[in-house]
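Participant: coords please:
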Amino acid sequence: MNRFAALLDRLVLTPQRNGKLRLLVDYFRDTPDPDRGYALAGITRDLEIASVKPAMIRTLVEERLDQVLFAYSYDYVGDLAETVSLVWPEAETRANRVPTVADVVETLHQASRSDGPGLVMGGLRIGVSARLAKQALAQFGGKDIVEIEELWHGLEPPYLDLFAWLEDRGDKPAPNHSAPFRPVMLAHPLMEKAERADADIAGKLAIAPEEFAAEWKWDGIRVQAAAEGGERRLYSRTGDDISDAFPDVLDALDFEGAIDGELLVMRPDTERDVAPFGDLQQRLNRKTVSNKLLASHPAFIRAYDLLTADGNDLRGEPFQVRRNRLEAFIARHGGERLDLSPLVPFASLDDLAAHRESPPHAAIEGLMLKRWDSLYQPGRPKGPWFKWKRDPFLIDVVLLYAQRGHGKRSSFYSDYTFGVWRPGDNGQELVPVGKAYFGFTDEELKRLDKYVRDNTVERFGPVRSVRAEPDHGLVLEVAFEGLNRSTRHKSGVAMRFPRIHRIRDDKPPGEADTLEALTALLD
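Facilitator: Model prediction:
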């Protein structure tokens with residue numbers, strides 16, 4: 001455990017990507033099995049222990065520490081696992097022996113639910129993504145990361161076969177099931193933030209219309225539907241198996257192949273009229289789905305690409321070929337739960353800009369541009385694919401509450417609740433409409449933090465209420481992607497992906513936007 005703990009400390013303190021890679025490669029080389037495999041599973045968030053659930057952590061702490069004291073401690077430290085480690089009594093080791101990673105994990109695997117809470121593992125805040133860990137494995141073993149990513153979802157900790165293959169001591173592991181996940185191809189934003197502010201957008205885009213296809217970017221979640229060898233699976237873009245939440249979609253995968261597409265929910269009793277993203281959220285992260293929810297929130301896939309068909313891998317073919325195959329494939333196998341994403345015709349960049357500004361449906365968040373000659377390459381290669389999202393909605397709000405962040409932001413008030421004006425019993429009053437914790441620069445964060453500290457009027461545990469009046473307060477311009485009606489919120493609306501766009505020093509709080517102006521966007 002000491003070696004693993006030292007690795008985590010150094011990963012936290014190493015900002016450079018290449019430095020993290022070297023640390024991981026050295027650890028994999030110098031650490032024996034099965035410790036390195038369990039450590040890898042912990043880093044990639046693939047270590048699951050049935051007897052231990054994160055929700056147990058608060059119960060365990062509350063048995064040993066005053067709840068209010070723990071809440072203030074957590075607020076100050078900013079990380080749940082670190083807070084618990086600081087307040088937890090030290091355990092005696094047997095015969096002065098420090099347990100290994102394998103000792104801890106294997107003991108917990110054998111523990112009952114009543115014994116398991118002796119240790120709880122949360123998400124590791126070390127700045128290492130699962131893909132970076134896989135890149136380190138590829139570098140360690142001299143393999144292609146694509147091979148590792150395609151194998152990954154058929155492997156289980158402590159990955160003994162994987163490490164044997166990487167060290168040339170064994171054969172390449174074989175997938176443990178048909179219909180495997182295949183790493184997805186992602187797009188780059190067409191323009192940076194500074195370029196989007198330029199009025200002459202079309203004149204600055206390096207896109208030749210004859211070289212690119214355009215299609216709508218729908219506001220759902222990217223998925224991969226695989227039906228091969230008698231098995232049917234639905235994956236998120238990160239490879240999570242979400243089949244259990246969408247049995248209606250799975251039943252419709254009556255083909256042999258793998259499709260890349262967008263998972264959407266349709267309005268009941270319509271010809272695939274796409275419902276808002278909030279309706280799709282009702283179906284996500286469920287292990288079982290009721291018949292009532294299946295009827296009220298029917299899901300379907302809008303196909304973007306064809307990865308395999310009838311046993312043939314098409315990822316090495318140009319997009320033009322894959323698109324032609326996809327159209328024929330959907331003509332044979334499409335239906336109520338599977339249709340084709342239509343191409344958007346354009347003869348010039350002005351045409352493309354006009355399409356982006358006036359999409360035909362509210363559930364469209366922009367355009368995708370794909371080179372006709374592009375191969376399907378995992379990751380985010382520069383050049384073949386671009387996304388050109390529509391401009392976000394903007395609204396001026398007043399800062400109401402603030403709370404400390406977590407991890408590196410634990411010493412700053414970086415989580416902000418904001419509101420807009422609405423008529424009240426005694427004139428205009430502020431009603432909360434959203435919460436944001438990103439979008440600002442480091443310098444703006446320091447300024448916002450100082451404002452919160454200097455203008456606090458009340459405290460509710462870790463939350464600070466700041467002064468917010470028509471003639472005294474802080475106005476923020478908030479950007480968001482969409483708006484849904486919500487019965488859970490006092491305002492009646494819920495924002496999609498809100499973030500701080502800028503601080504409005506030029507506007508007094510009394511001139512911030514109203515709830516009426518915000519809800520008008522729903523129409």
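Participant: Please name the residues that touch the most centrally placed residue in the chain.
Facilitator: Nearest residue to the geometric centre of the chain (Cα atoms, centre = their mean): T238, 8.7 Å. By Cβ atoms under 8 Å, 6 or more residues apart in numbering, the contact set of T238 is A130. In this view, the C-beta of every residue, glycine as well, is placed from N, C-alpha and C.
Participant: mind checking the SS state of it?
Facilitator: Under DSSP: H, G, I helix; E, B strand; the rest coil, T238 falls in the coil class.
Participant: Which pLDDT value goes with it?
Facilitator: Looking at T238, its pLDDT reads 85.
Participant: now A227
Facilitator: Turning to A227, the model gives it a pLDDT of 96.
Participant: Burial check on it, number of neighbours?
Facilitator: The burial count assigned to A227 is 22, neighbours taken as other Cβ atoms under 10 Å.
Participant: again, but for A133
Facilitator: Counted with other Cβ under 10 Å, residues neighbouring A133 total 22.
Participant: Per-residue pLDDT of it, please?
Facilitator: The predicted local confidence for A133 is 92.
Participant: do P34 as well
Facilitator: 93.
Participant: Leaving out the residues flanking it, which one is nearest to E469?
Facilitator: P509 (6.5 Å; Cβ to Cβ, 6 or more residues apart in numbering).
Participant: Following the chain onward from the one helix or strand Y451 maps to, which element is next?
Facilitator: Element membership for Y451 (DSSP states H and E) is helix 442-454. Per DSSP H and E, the first helix or strand lying C-terminal to helix 442-454 is strand 456-460.
Participant: and for that following strand, what are the contacting residues?
Facilitator: Under the criterion Cβ under 8 Å, 6+ apart, residues R464, S465, V466, R467 lie in contact with strand 456-460.
Participant: What count of nearby residues applies to the first one?
Facilitator: It refers to R464. Using other Cβ under 10 Å, the number of residues around R464 comes to 19.
Participant: Show the residue spans covered by the helices in the stretch 51-200 of the chain.
Facilitator: 56-62, 67-77, 80-87, 101-110, 130-141, 145-152, 160-166, 193-196 (DSSP state H, counting those that start in this stretch).
Participant: of all those helices, which lies closest to P392?
Facilitator: Comparing those against P392 with Cβ to Cβ, the closest turns out to be helix 193-196 (9.9 Å).
Participant: circling back to that earlier point, packing partners of the helix holding Y451?
Facilitator: Helix 442-454 sits against strand 393-404, strand 413-424, strand 463-466, strand 499-503, with contacts defined as 3 or more Cβ pairs under 8 Å, 6 or more residues apart in numbering; DSSP states H and E.
Participant: May I see the buried residues of it?
Facilitator: L445, L448, D449, Y451, V452 (16 or more other Cβ atoms under 10 Å).
Participant: Which of those sits closest to L369?
Facilitator: Nearest to L369 among the buried residues of helix 442-454 is L445, at 33.9 Å by Cβ to Cβ.
Participant: The closest one and G405, how far apart?
Facilitator: Counting by Cβ to Cβ, to the nearest Å, the gap from L445 to G405 is 9 Å.
Participant: count of residues packed around P32?
Facilitator: 10.
Participant: Check M368 too.
Facilitator: Neighbourhood size, M368 [other Cβ under 10 Å]: 21.
Participant: Just the element for it, please.
Facilitator: strand 364-371.
Participant: which strands and helices sit next to that strand?
Facilitator: strand 212-218, helix 349-357, strand 385-389.
Participant: Can you list phi and psi of the spatially closest residue to W385 that is not a sequence neighbour for me?
Facilitator: Nearest residue to W385, sequence neighbours excluded (Cβ to Cβ, 6+ apart): A187, at 3.8 Å. Phi and psi for A187, reported as degrees, to the nearest 10, are phi -110, psi 160.
Participant: what ranges of the chain fall below the confidence cut-off?
Facilitator: 50-58, 78-79, 89-98, 108-127, 192-206, 523 (pLDDT under 70).
Participant: can I see the domain layout of it?
Facilitator: For the chain, automatic domain parsing gives the domain ranges 2-166, 188-389, 393-522.
Participant: For my notes, please list those in CSV and give distance to F181 for each entry.
Facilitator: Output for those, formatted as CSV (distance: least, Cβ to Cβ, whole Å):
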stretch, distance to F181
domain 2-166, 5
domain 188-389, 4
domain 393-522, 26
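Participant: re earlier: could you export the helices and strands packed on helix 442-454 as JSON lines, including distance to L47?
Facilitator: Output for the helices and strands packed on helix 442-454, formatted as JSON lines (distance: least, Cβ to Cβ, whole Å):
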{"stretch": "strand 393-404", "distance to L47": "28"}
{"stretch": "strand 413-424", "distance to L47": "28"}
{"stretch": "strand 463-466", "distance to L47": "33"}
{"stretch": "strand 499-503", "distance to L47": "31"}
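Participant: Quick check: the residue nearest to the centre of the chain vs V223, distance?
Facilitator: Taking Cβ to Cβ as the measure, T238 falls 11 Å from V223.
Participant: How about L40?
Facilitator: Remark: distance between L40 and V223 (Cβ to Cβ) = 26 Å.
Participant: With I207 instead?
Facilitator: For I207, the distance to V223 - Cβ to Cβ - is 27 Å.
Participant: Compare those two (neighbour count), which wins?
Facilitator: More crowded of I207 and V223, by other Cβ under 10 Å: V223, with 25 against 16.
Participant: Now do the strands in the stretch 251-400 of the chain.
Facilitator: Secondary structure of the stretch 251-400 of the chain by DSSP state E, counting those that start in this stretch: the strands cover 257-265, 299-309, 312-313, 338-340, 364-371, 385-389, 393-404.
Participant: Nearest approach to V61 belongs to which of the ones you listed?
Facilitator: strand 393-404 (18.2 Å).
Participant: What residues of that closest one count as buried?
Facilitator: For strand 393-404, burial by neighbour count (16+ other Cβ under 10 Å) applies to F393, I395, D396, V397, V398, L399, L400, Y401, A402, Q403, R404.
Participant: who does it touch, helix- and strand-wise?
Facilitator: Judged by 3+ Cβ pairs under 8 Å, 6+ apart, strand 393-404 is in contact with helix 67-77, strand 413-424, strand 427-436, helix 442-454, strand 463-466, strand 475-480.
Participant: can you give me the offset of the first one from its chain's centre?
Facilitator: To tie it back to what came earlier, the one meant is helix 67-77. 28 Å (Cα atoms, centre = their mean, to the nearest Å).
Participant: got it, and the last one?
Facilitator: Taking the mean C-alpha point of strand 475-480 and that of its whole chain, the gap between them comes to 22 Å (Cα atoms, centre = their mean).
Participant: Show me what the helix or strand following it is packed against.
Facilitator: Next helix or strand after strand 475-480 toward the C-terminus (DSSP H and E): strand 482-485. Under the contact criterion of 3+ Cβ pairs under 8 Å, 6+ apart, strand 482-485 touches helix 277-281, strand 493-496.
Participant: Please save the CA atoms from strand 482-485 in CSV.
Facilitator: Extracted C-alpha coordinates of strand 482-485, given in CSV (Å, rounded to 0.1, in the frame of the first residue of the first chain):
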residue,chain,number,x,y,z
GLY,A,482,-30.9,24.5,-23.1
LEU,A,483,-33.8,24.9,-20.7
ASN,A,484,-36.4,22.4,-19.5
ARG,A,485,-39.5,22.7,-17.3
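Participant: and the residue nearest to A138 when sequence neighbours are not counted, what is it in contact with?
Facilitator: Distances taken as Cβ to Cβ, 6+ apart place I145 nearest to A138, at 4.1 Å, with adjacent residues excluded. When contacts are counted by Cβ under 8 Å, 6+ apart, I145 is found next to R131, K134, Q135, L137, A138, P378.
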